[in-house]
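# Here is the input, now give the coordinates:
(chains A, B, C and D)
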Protein chains: 4
Amino acid sequence: MAYKDEKLNEEKVFKDPVHRYVHIRDRVIWDLVGAPEFQRLRRVKQLGTSYLTFHGAEHSRFNHSLGVYEIVRRILHNFEDRPNWDSNERLLCLCAALLHDLGHGPFSHSFEKVFKLNHEDFTQEILLGDTTINTILSKVENGFPEKVADVINKTYHNKLVVSLISSQIDADRMDYLQRDAYFTGVSYGHFDMERILRVMRPMEDQVVIKESGMHAVEDYIMSRYQMYWQVYFHPVTRSAEVILSKILHRAKELHETGYEFALKPTHFLSFFTERPTLKEYLALDEAVAMYYFQIWMNEEDPILSDLCERFVNRRLFKYIEFNPNLQMNEWMELYRLFNKAGLNPDYYLVVDSSSDLPYDFYRPGEEEERLPIHLLMPNQELKELSRQSDIVESISGKKRTDHKLYFPLDRLKEMSNRSKTKKRILEILYG
Amino acid sequence: MAYKDEKLNEEKVFKDPVHRYVHIRDRVIWDLVGAPEFQRLRRVKQLGTSYLTFHGAEHSRFNHSLGVYEIVRRILHNFEDRPNWDSNERLLCLCAALLHDLGHGPFSHSFEKVFKLNHEDFTQEILLGDTTINTILSKVENGFPEKVADVINKTYHNKLVVSLISSQIDADRMDYLQRDAYFTGVSYGHFDMERILRVMRPMEDQVVIKESGMHAVEDYIMSRYQMYWQVYFHPVTRSAEVILSKILHRAKELHETGYEFALKPTHFLSFFTERPTLKEYLALDEAVAMYYFQIWMNEEDPILSDLCERFVNRRLFKYIEFNPNLQMNEWMELYRLFNKAGLNPDYYLVVDSSSDLPYDFYRPGEEEERLPIHLLMPNQELKELSRQSDIVESISGKKRTDHKLYFPLDRLKEMSNRSKTKKRILEILYG
Amino acid sequence: MAYKDEKLNEEKVFKDPVHRYVHIRDRVIWDLVGAPEFQRLRRVKQLGTSYLTFHGAEHSRFNHSLGVYEIVRRILHNFEDRPNWDSNERLLCLCAALLHDLGHGPFSHSFEKVFKLNHEDFTQEILLGDTTINTILSKVENGFPEKVADVINKTYHNKLVVSLISSQIDADRMDYLQRDAYFTGVSYGHFDMERILRVMRPMEDQVVIKESGMHAVEDYIMSRYQMYWQVYFHPVTRSAEVILSKILHRAKELHETGYEFALKPTHFLSFFTERPTLKEYLALDEAVAMYYFQIWMNEEDPILSDLCERFVNRRLFKYIEFNPNLQMNEWMELYRLFNKAGLNPDYYLVVDSSSDLPYDFYRPGEEEERLPIHLLMPNQELKELSRQSDIVESISGKKRTDHKLYFPLDRLKEMSNRSKTKKRILEILYG
Amino acid sequence: MAYKDEKLNEEKVFKDPVHRYVHIRDRVIWDLVGAPEFQRLRRVKQLGTSYLTFHGAEHSRFNHSLGVYEIVRRILHNFEDRPNWDSNERLLCLCAALLHDLGHGPFSHSFEKVFKLNHEDFTQEILLGDTTINTILSKVENGFPEKVADVINKTYHNKLVVSLISSQIDADRMDYLQRDAYFTGVSYGHFDMERILRVMRPMEDQVVIKESGMHAVEDYIMSRYQMYWQVYFHPVTRSAEVILSKILHRAKELHETGYEFALKPTHFLSFFTERPTLKEYLALDEAVAMYYFQIWMNEEDPILSDLCERFVNRRLFKYIEFNPNLQMNEWMELYRLFNKAGLNPDYYLVVDSSSDLPYDFYRPGEEEERLPIHLLMPNQELKELSRQSDIVESISGKKRTDHKLYFPLDRLKEMSNRSKTKKRILEILYG
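Below is the predicted model:
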């Protein structure tokens, strides 16, 4: 039997707290799960530093990847025998679902920003390079790794397949909303996925939703909105993120200025020059990163060691609402104050801004946008969701931005008491 | 106000997926949670290698410790104004609950066995030594750290206090059963804790259960039984444990025989001699351990590098039921077979035995036993649970043991085909 | 001890699927629950005819009333020792919470409309008239029944007390959203009540919400919105409601025109004249109503017997979107068609309209509105919710109305095939 | 297309709180659900008088019947393409599952005992008599109603089919344990049904369980055990049952002795003579029964009116442990005491005994037993469950019986104070 058609003797299941069970029958999927590049995802947390805010959020991207696979498996089970659905695309969809996050590194957000990396590039490299994953995919058929890469890259010709993995209501989002809600323990993030799966219909170039399922979709959109502001953009998580970024910046800066590390940061060297090879990239998982942060707690450089100690022992920065564009004078005052106290403001006085578009309808010409959600009306016409739903319309395309100023409160307290801005900050924090 | 009576301005809560919220009002508890020795528990998994079987089981001991604290807090809330309860013991109970697992190291089970360590000793050291935890506890009152240590050590004079933290139905067990069930996603581990808490009554030297709550307690005992065999003793987890132990053995052996590691295993050196200082012990968390296992994948020693590669990439040993005492001939045959194939049987042919006593009634003279569960009958007499419950009686004191043989199936397949035992093993595995 | 201060020897609990346990310590509450007028609520369904759409929705108002009591009990537990809270109002709040729905009759919606009754009047009568409930409340203190009546009637002088039972985010709504979601099984209706309770603060004349809890409140508002359109206004439920109303209309009409019922409808006579005494009102619960509907299936009048048979055996009317104001010609055509077929359009061609205001801010001069939700800002100012929340603002004060036409499809099919409107209706239904 | 093969245009689903959704594609099933005899099950509570103990337990047999159907549907979905499974039996299984409880009357337990009826006889009559159900089944194929009747009657030749509906681990039990747990809100009754369904294997004459699923089955058996003692045999429920039985007894006795009822009890007449026709049987549902109980509250006979008032207003009897065989003297004393107080002991002094066999292995010669559970061992042998599971063995075949004495405490208190037994009873109750 051809490798791509091979089934396991007996279905394998993984117990999953979110979807109850993850079911695997295809030999290809089983082999991919066992590949070292996939197992590595166990060593990368799904929510980065969020575990410092929500102690339950210690789950890994391995977890999530299996979940996305399982959702796509269920969708395709419902698609069997439906018009517009080509069952030859099944294995491709499953592989793309399973592997879509393969290139994520440790604490992706900060690492990518500081080292100017893009996890999507590494996903492509893992799929197409000299890896176990590539070897397995290549056995399926000629050009199969490229196909999987195209789906994940959204360049695959069959847009229906792409939309399963990447749209406003794809398996990726449906899994992470539920999973992150489960592990953090927040009561948001619930929606009737079983119903959504049942009202999904394959069309020529996208998955659409039967109009009768509109309310379930509204509920999903609202979940997303709540999860963004309650979990993903939580100010305490951002505080940890701020410190983490500053650690990486500092280490890089030290390296560039010829600082001698007590322990040579072998795993980081290629990151400092922003050109890690695939092998170097894969070697630096979160366990390794945490190892260095703990080692660096004993480095001589006071900034690096202090920041690392703060991160490892969770002595985070405090924050207040602050928009430097509107509060220029206070900003200047603080800057001077920190400088005077010998506390480099580049590392200890950080403005962070978050923004979210909970539901974007399609706007031609904007490349990065995901496919919008279309409802299939009883008369077989398609209608973009926000035209049919008041609630979605009301939040559609609205960008909400907030600005926060992060700083070490313990150090601020020690500074000159003559600063008005300092006084005001303490008032805000203590009332 | 005395430090021990200090309350936070506003109650702090942690979102907890198991108990919904963990509530903190005492300044002392808040400070303890922030101590580096407590934060370290985030870097030690609650279930060691179980995440390789149940991908959801990635939660840490930090998680669990907060949970135990919260349960004791709720119990004491119910105890207020009850006879036999001395509210002066409240803070002591809360501290002991929070800190009872403080000494756990990475993958405790294997590390303790191989390096002849005991996490309970380190808990005592952290409480009584030169640590932030000790500094905080000392501020409560003279001798307070010692009191906390005594409670955890079960030597505190007030046995009622001890029984909250350590008995057959203590806060520790109630938390971990529910928490481990939640994160693994298994459907066992549920019982009506709210009811159990409500029927708990403080007596002179122990917590007892009102007889009307007997069925809820039966349910708890059965949960424990199921969790042991379904989760804690899962044969795949034990396979990972086997490999892990062998890695540690091998590294130690190499060190003892003067092997030169490519990277000097600084963090391990004191473990190899079985005398880590507290500081050295605390420095070796799971991130650090994982760092070394990944480094060792590239060591020259084929056994160490192979075992590390297996552990990191989850290429585990397979297993069959096997009792070497009863199957001596087969054991000898396999031993020779492995030797002949150049595969050191000490590392690649491992028998592992598990056993559990789901509910132990008190047996005088046996020191290690936990306090049994007593029911408070309507006539105010106490009755040991197993005398009242058929179900508990039926499993009481029954030790169930199973023996499994672990080995690398991939390597076994390559060995001589003339071995009858090999043939039988393959038959068992493939039918 | 005064009756109002009497506690039960041992706390009583009811197992409740929504709040886990309902706790009772006050003798007064225990006695009220045992009163016949309260037990009667077991014979009135919480959601009227919804069980014909959602088969799980068979729960009674007894269920819900205990739930509202329990929520208020928890709120007041949090209020203890807070400024602005007068603990002397505790028992009053609990009684009002427990008894707020006491006057509900069978299938309230239809009965009240057809017989021009108001359950709130009967609640007042039960509280103040010659009932067991009144006897119990009178024992608390002079004028206590009147106080309870005032709170439920929203005329009590302490508006803080009123707002607990009746506002945009009162215990009534919080219970029914969760309870109705639980019993129907829909995935809407979940919100983090524990958090909302924790951020509630008593102010002089209302309960307000700490601003940090805004997102939990948004979630509650969205739950309400979803429950309205997914459950409460479900078109199939409205179909059952339509038939039920028409049964009551017909019976009344028959009575008024001197029709001789085979069995004298004793329980209904005073309803037909719209003047039931309290005793008569209480005697007609849902079991009694269902008894009559089954008896009436055998009445000679073809309309009454047909409608009863449809209701009892759930042979409901079908529906299409239809607005008679905009579709006057079609309306006329159908009217003629039904008349010609000998099917009285007053009973078989029914337009039903629903509308909802998911969140109303206060508009002076409109009496019926509930109190709006105010957020307590960090600077201690109050802000009306919709001014702070984009989402709430977007749906605030927006009335959504829909119109549906209900009719017996089986009968329509038998009618003349020349009707264009008939054709169109069948097309809509069958595509 | 043949009626039996007809599919609905679009799958219909019912929202179900226990199984999330109930799925219907077969026209036959859809038609059966709509039949009046099936809709009648909405007016018969699943747990009879349990709602007087657990206020959530107001769910109907309609609810449960859909659930059993859904479970069998899922089992058969898993059976597709398995050896030993004949897909021609599919529709038969689904119909038998849906209809197995069709003959249940109001408060089955009491009605059947007092009026010497058997709901199983009526199930057979509904299936085979002049009913809508029979008309629908007859359209499937000649003799189909008889086949369904045989499956439910356990006389069908294919024992595999029978075992799905009626064995120690059938769809009936799996549904009611979960459903009754859900609606009562107790924390028992949970087990991993999804796993059990996945390890079920069809064999020639029964469904067996793969040995790897043994622990899930143990959990199910323990759930059953807990539900029996915590819910089904709850002493308060039995108190309501006692009063209900006595009401029926009294009404029958009055009728037999020529008593003139104020309202002729038309619906009951044929029950009093123990020969209701099918039509008469079906007409007396729980709404009708409750109607009569409320009417009878005003009957002249003091026993009937008192008992009805107690039942309707939930003024139940109290109870103590009591075994008249062992406590003959006390029994005699009480009997005299009640007689002397003018309180007929036949109605007011009632001993009730409950017993359960949580898991019965097959014992030849005992006809009533359900099929035992067999495990399918890795070597393809079958082993009876209790031989493999310690826990099941420990409770296997053990009958637990308890005896309780029920009486009106309010009346007992008024009786002569010289009775020692009275004193003892009050002591037991008040301590």
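
# and chain A, which residues reach chain D?
By the rule Cβ under 8 Å from any Cβ of the partner chain, the part of chain A lying against chain D is A:13, A:20-21, A:194-195, A:198. The C-beta positions use only the backbone N, C-alpha and C, and glycine is treated the same way.

# tally of neighbours for A:Thr421?
With neighbours defined by other Cβ atoms under 10 Å in any protein chain shown, the count for A:Thr421 comes to 17.

# hey, which helix or strand in chain A has the poorest pLDDT?
Across the helices and strands of chain A, the lowest-confidence element by mean pLDDT, DSSP states H and E is helix A:390-395, at a mean of 78.

# Any idea how far it is from the middle of the chain?
With Cα atoms, centre = their mean, to the nearest Å as the basis, the distance from the averaged C-alpha position of helix A:390-395 to the chain average is 25 Å.

# what does stretch A:390-402 give?
In terms of Cα atoms, centre = their mean, the centre of stretch A:390-402 is found 21 Å from the chain centre.

# now the end-to-end length of that stretch.
For stretch A:390-402, the first-to-last residue distance is 25 Å (Cα to Cα, to the nearest Å).

# Any idea what A:Tyr319 is bridged to?
In this structure, A:Tyr319 has the following beta-bridge partners (DSSP bridges): A:Tyr406.

# separation between it and B:Trp229?
Distance, A:Tyr319 to B:Trp229, using Cβ to Cβ, to the nearest Å: 48 Å.

# When those two are compared, which one has more neighbours?
With other Cβ under 10 Å as the criterion, A:Tyr319 and B:Trp229 differ in neighbour count, and A:Tyr319 comes out ahead with 22 against 18.

# quick one: contacts for that one?
With Cβ atoms under 8 Å, 6 or more residues apart in numbering or on different chains as the criterion, the residues that contact A:Tyr319 are A:235, A:238-239, A:404-407.

# which of those residues lies closest to A:Thr155?
A:Arg238 (32.8 Å; Cβ to Cβ).

# where does that closest one land on pLDDT?
According to the prediction, A:Arg238 has pLDDT 95.

# can you give me the strands in chain A?
Along chain A, the stretches classed as strands by DSSP state E are A:7-16, A:20-26, A:200-202, A:207-210, A:318-321, A:350-356, A:374-376, A:382-384, A:400-407.

# Show me what the first one is packed against.
Contacts of strand A:7-16 with other secondary structure elements, assessed using 3 or more Cβ pairs under 8 Å, 6 or more residues apart in numbering or on different chains; DSSP states H and E, are made with strand A:20-26, helix A:27-34, helix A:61-79.

# Go through the ones you listed and pick out the most buried.
Using mean count of other Cβ atoms under 10 Å in any protein chain shown, the stretch among those with the largest mean neighbour count is helix A:61-79, at a mean of 23.

# For it, C-alpha coordinates in PDB please.
Taking C-alpha atoms only, helix A:61-79 is exported to PDB below (Å, rounded to 0.1, in the frame of the first residue of the first chain):
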ATOM      1  CA  ARG A  61       2.600  24.500  21.300                       C
ATOM      2  CA  PHE A  62       2.700  20.700  21.000                       C
ATOM      3  CA  ASN A  63      -0.600  20.600  22.800                       C
ATOM      4  CA  HIS A  64      -2.100  23.200  20.500                       C
ATOM      5  CA  SER A  65      -0.800  21.700  17.300                       C
ATOM      6  CA  LEU A  66      -2.500  18.400  18.000                       C
ATOM      7  CA  GLY A  67      -5.600  20.300  18.800                       C
ATOM      8  CA  VAL A  68      -5.600  22.100  15.400                       C
ATOM      9  CA  TYR A  69      -5.100  18.800  13.700                       C
ATOM     10  CA  GLU A  70      -8.000  17.300  15.500                       C
ATOM     11  CA  ILE A  71     -10.400  20.100  14.600                       C
ATOM     12  CA  VAL A  72      -9.400  19.900  10.900                       C
ATOM     13  CA  ARG A  73      -9.900  16.100  11.100                       C
ATOM     14  CA  ARG A  74     -13.500  16.700  12.400                       C
ATOM     15  CA  ILE A  75     -14.200  19.300   9.800                       C
ATOM     16  CA  LEU A  76     -13.100  17.000   7.000                       C
ATOM     17  CA  HIS A  77     -15.100  14.200   8.500                       C
ATOM     18  CA  ASN A  78     -18.200  16.400   8.000                       C
ATOM     19  CA  PHE A  79     -17.100  17.400   4.500                       C
END
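
# residues of stretch A:279-293 that come out buried?
Of the residues in stretch A:279-293, those scored as buried under the neighbour-count criterion (16 or more other Cβ atoms under 10 Å in any protein chain shown) are A:281-293.

# can you redo those as a markdown table with distance to B:Val217 and pLDDT?
What follows is these, written out as a markdown table (distance: Cβ to Cβ, whole Å; pLDDT from 0 to 100):
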| residue | distance to B:Val217 | pLDDT |
| --- | --- | --- |
| A:Tyr281 | 53 | 97 |
| A:Leu282 | 50 | 97 |
| A:Ala283 | 50 | 96 |
| A:Leu284 | 49 | 96 |
| A:Asp285 | 44 | 97 |
| A:Glu286 | 41 | 97 |
| A:Ala287 | 40 | 97 |
| A:Val288 | 46 | 97 |
| A:Ala289 | 45 | 98 |
| A:Met290 | 41 | 98 |
| A:Tyr291 | 44 | 97 |
| A:Tyr292 | 48 | 98 |
| A:Phe293 | 45 | 98 |
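
# Farthest pair within those?
Largest pairwise distance in the buried residues of stretch A:279-293, by Cβ to Cβ, is 19.2 Å, between A:Leu282 and A:Phe293.
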